[in-house]
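K.L.:
predicted model and sequence follow; I will ask about them next.
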Amino acid sequence: MLVIVSYDVSTETAAGRKRLRRVAKVCESTGQRVQKSVFECKVDSAQYEALERRLLAEIKLDEDSLRFYRLTEPVDLHVKEHGKFKAVDFEGPLVI
């Protein structure tokens, strides 16, 4: 499934700035950044649950926000891209 993860981490303190970097690293390990605080992640159910647990362990619920959007198949009917950035095709061939 394709999941959109967005977050807003309070960076008013040094601890908040460190938390922001940790949240970004968790997201980068699972998906691709499409905006500063928005990631697309292609995951199965177990990976989705693990991602959610990892992110909830990093954020402070009383200061930050975290949102997950699960896109239904077929994704190409629900996602339109405009502009310079083009997302990686998760279903396409892997070229190294």
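P.N.:
Nice, thanks for sending it over. Numbers count the residues shown, from 1 in each chain.
K.L.:
the helices in the chain, which residues?
P.N.:
Assigned by DSSP state H, the chain shows helices spanning 14-28, 45-58.
K.L.:
which of these sits closest to Val38?
P.N.:
Nearest to Val38, of all the helices of the chain, is helix 14-28, at 8.9 Å by C-beta to C-beta. C-beta coordinates here come from the backbone N, C-alpha and C atoms, glycine included.
K.L.:
tell me the average confidence for the closest one?
P.N.:
Taken as a whole, helix 14-28 has a mean pLDDT of 96.
K.L.:
what residues sit buried inside it?
P.N.:
Neighbour counts over helix 14-28 (16 or more other C-beta atoms under 10 Å) mark 19-20, 23-24, 26-27 as buried.
K.L.:
pick out the most distant pair among those.
P.N.:
Arg19 and Cys27 (12.8 Å).
K.L.:
about what we covered before: tell me which of the helices of the chain sits nearest to Tyr7.
P.N.:
helix 14-28 (5.6 Å).
K.L.:
show me what the closest one is packed up against.
P.N.:
Packing contacts for helix 14-28, counted by 3 or more C-beta pairs under 8 Å, 6 or more residues apart in numbering; DSSP states H and E, involve strand 2-8, strand 38-42, helix 45-58.
K.L.:
what angle do it and helix 45-58 make?
P.N.:
Calculated by axes from the mean of the first three to the mean of the last three C-alpha atoms, to 10 degrees, helix 14-28 forms an angle of 170 degrees with helix 45-58.
K.L.:
mind exporting the C-alpha coordinates of helix 14-28 to PDB?
P.N.:
C-alpha atoms of helix 14-28 as PDB (Å, rounded to 0.1, in the frame of the first residue of the first chain):
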ATOM      1  CA  ALA A  14      17.200  22.100  20.900                       C
ATOM      2  CA  ALA A  15      15.400  18.900  21.900                       C
ATOM      3  CA  GLY A  16      12.700  19.600  19.300                       C
ATOM      4  CA  ARG A  17      15.300  20.100  16.600                       C
ATOM      5  CA  LYS A  18      16.900  16.800  17.400                       C
ATOM      6  CA  ARG A  19      13.400  15.100  17.500                       C
ATOM      7  CA  LEU A  20      12.700  16.600  14.000                       C
ATOM      8  CA  ARG A  21      15.900  15.000  12.600                       C
ATOM      9  CA  ARG A  22      15.100  11.700  14.200                       C
ATOM     10  CA  VAL A  23      11.600  11.700  12.700                       C
ATOM     11  CA  ALA A  24      13.000  12.600   9.300                       C
ATOM     12  CA  LYS A  25      15.500   9.700   9.500                       C
ATOM     13  CA  VAL A  26      12.800   7.200  10.300                       C
ATOM     14  CA  CYS A  27      10.800   8.400   7.300                       C
ATOM     15  CA  GLU A  28      13.800   8.400   5.000                       C
END
